[in-house]
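Enquirer: Sequence first, predicted coordinates after that:
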Amino acid sequence: MYLRIALVITFFLLTFGTWYVYEVTDGFGTVHNALAIWVITILSSFLNFYFAYFDSLLLGRGLIKEANKAVIFSKIVYLILAVSGLYLNFGLLGISTAALIAALVYRAVSFRYFYDDVLRRAIEGVRVDFPKRKELLGSIWYNSRKLGLVLLSGYAINNFSIFLAGLYLDADAIASYGVLKQLVGVILLLSSTLFVSYNPTFSSLRIKGDDSKLIKTFAFSMNVYYVLFIAGATFLVLFGQSILQGIGSQAFLPSSTIIIAYCIVVLLEGNHSNFATFIVTKNQVPFLKSSIIAGLLVVFGYFFILDYTNYGIMGLIAIQGLVQLCYANWKWPLVVCREFSMNFLNFVRIGFFESFRKLRRLYA
């Protein structure tokens, strides 16, 4: 399934993606090594989507620490190679090559963690025939296809703006917006790591019916998310541009107002996404229709802002934020709070006290 999804994505990159890059680079002419960069980017994207199945495998075996270590190690390799490439004046070619190597590193590390001696002995001689594979796929496909459509909608909401911006805005604005999205994306990834690692625990606690421990664990993971994201966003506002200049980057971050606005939108987006993911642990996906509608509204809003106004980057951020604020930002946190008969303030308070309790036990 992961291979098929990766091939479909690669097909769109080779067709629509190649046309788009050709257009915004004036026939691969305005960016040095544009064609080579794009080919490497397609290959690294294919590998990233395909190798993503290892995350599910590791989490499925309960190897949560190992799954996170594989991601972190590959990100460290990417950062080292990307920064080195910038210092050596390789530009985007160095960054795209770093992404390709990082994908291979992730696969190698994950493979080593998953296929340990215990598993090798357990699966020795095991064969799964086609009817069995079909039966297994049928049992998970009903909700999996819904989640797939939700992820596509989320991708449109969070990333389609950068594609449209390339057709409407000047190169400096696009570069500025792209850097902002990348840096805030890293903050979001790091902030959500604990929540993601706890997902198998949430499912286990639901099966056991331990609602008290379930809500405390979830509230704790979200408290960590809030603290880390706000800290990371504050650091970005205060020192982001200085760091970019320090590594020799020619790109500039947008104004502090735009950075703060985008961080607020992403903070709320990540918040309701985590609550929605928590709902999925009940084996329910109630947000399919609303996600598709939000995705369509955001995409049409992007077109309107870029085609009929001069609000630029701030307009793109405002459209995303306003559409999500109308429903998703409050709906899924409300659903969870009602399930456990509390309001959001009580939820935050539980997370705070659970964090304090864990810290006290840690340093006791």
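Expert: Looks like it arrived, so ask away. Numbering: from 1, shown residues only.

Enquirer: quick one: residue 213 and residue 280, what's the gap?
Expert: 19 Å (CB to CB, to the nearest Å). Just so you know, the C-beta spots here come from the backbone N, C-alpha and C atoms, and that holds for glycine as well.

Enquirer: out of these two, which sits in the more crowded spot?
Expert: residue 280 (18 against 12; other CB atoms under 10 Å).

Enquirer: Report the secondary structure state of residue 165.
Expert: Under DSSP: H, G, I helix; E, B strand; the rest coil, residue 165 falls in the helix class.

Enquirer: mind starting the numbering at 548 from now?
Expert: Sounds good: first residue 548 from here, last item residue 712.

Enquirer: How about the contacts made by it?
Expert: Neighbouring residues of residue 712 by CB atoms under 8 Å, 6 or more residues apart in numbering: 720-721, 724, 853, 860, 863.

Enquirer: Repeat the analysis, applying 6 Å as the threshold.
Expert: 721, 724 (CB atoms under 6 Å, 6 or more residues apart in numbering).

Enquirer: any idea how this structure splits into domains?
Expert: Following automatic domain parsing, one gets these domains for the chain: 548-673, 691-911.

Enquirer: same question for the shortest one, mean pLDDT?
Expert: So that's domain 548-673. Domain 548-673 shows an average pLDDT of 87 in the prediction.

Enquirer: what's the first-to-last distance across that domain?
Expert: 20 Å (CA to CA, to the nearest Å).

Enquirer: swap in stretch 627-644?
Expert: Terminal residues of stretch 627-644 lie 12 Å apart, using CA to CA.

Enquirer: Please state the offset of that stretch from the chain centre?
Expert: Centre-to-centre, stretch 627-644 and its host chain are 23 Å apart (CA atoms, centre = their mean, to the nearest Å).

Enquirer: and what of stretch 854-872?
Expert: With CA atoms, centre = their mean, you get 21 Å for stretch 854-872.

Enquirer: Could you give the average pLDDT over it?
Expert: Regarding stretch 854-872, the rounded mean pLDDT is 90.

Enquirer: Could you give me the buried positions within that stretch?
Expert: If you call a residue buried by 16 or more other CB atoms under 10 Å, then stretch 854-872 has these buried ones: 859-860, 862-868, 870-871.

Enquirer: Go through the residues you listed and flag which are in helices.
Expert: 859-860, 862-868, 870-871 (DSSP state H).

Enquirer: Centroid-nearest residue for this structure?
Expert: Nearest to the centroid of the C-alpha atoms of the chain, with distances taken as CA atoms, centre = their mean, sits residue 736, at 6.2 Å.

Enquirer: quick one: secondary structure of it?
Expert: Applying three-state DSSP: residue 736 is helix.

Enquirer: Between the buried residues of stretch 854-872, which sits nearest residue 639?
Expert: residue 860 (20.6 Å; CB to CB).

Enquirer: isn't the closest one right next to residue 722, touching?
Expert: No - the pair residue 860 and residue 722 does not pass the contact test of CB atoms under 6 Å, sitting 11.1 Å apart.

Enquirer: Look at residue 835 and report its pLDDT.
Expert: 76.

Enquirer: nope, residue 813 is what I was after
Expert: For residue 813, pLDDT reads 95.

Enquirer: neighbours of it, just the number please.
Expert: Using other CB under 10 Å, residue 813 has 24 other residues around it.

Enquirer: Now the residue lying farthest from the centre of the chain. Its backbone dihedrals?
Expert: Distance from the centre of the chain peaks at residue 672, with 37.1 Å (CA atoms, centre = their mean). Note on residue 672: its backbone torsions stand at phi 80, psi 0 [degrees, to the nearest 10].

Enquirer: I'd like to know how far it sits from residue 678.
Expert: Counting by CB to CB, the gap from residue 672 to residue 678 is 19 Å.

Enquirer: Around the spatially closest residue to residue 644 that is not a sequence neighbour, count how many other residues there are.
Expert: Using CB to CB, 6 or more residues apart in numbering and skipping the chain neighbours, the partner closest in space to residue 644 is residue 587 (5.9 Å). Neighbours of residue 587 under the rule other CB under 10 Å: 19.

Enquirer: I figured residue 587 was touching residue 641, is that so?
Expert: No - using CB under 6 Å, residue 587 makes no contact with residue 641, being 10.2 Å away.

Enquirer: Buried residues, stretch 728-744. List them.
Expert: For stretch 728-744, by 16+ other CB under 10 Å, it's 728, 730-731, 734-735, 737-743.

Enquirer: which one of those residues is nearest residue 891?
Expert: residue 742 (16.4 Å).

Enquirer: Overlap of the contact sets of residue 587 and residue 641?
Expert: In terms of CB under 6 Å, 6+ apart, residue 587 and residue 641 are not both contacted by any residue.

Enquirer: check which helix or strand covers residue 565.
Expert: In the assignment (DSSP states H and E), residue 565 maps to helix 565-571.

Enquirer: What of residue 784?
Expert: Using DSSP H and E, residue 784 falls within helix 758-793.
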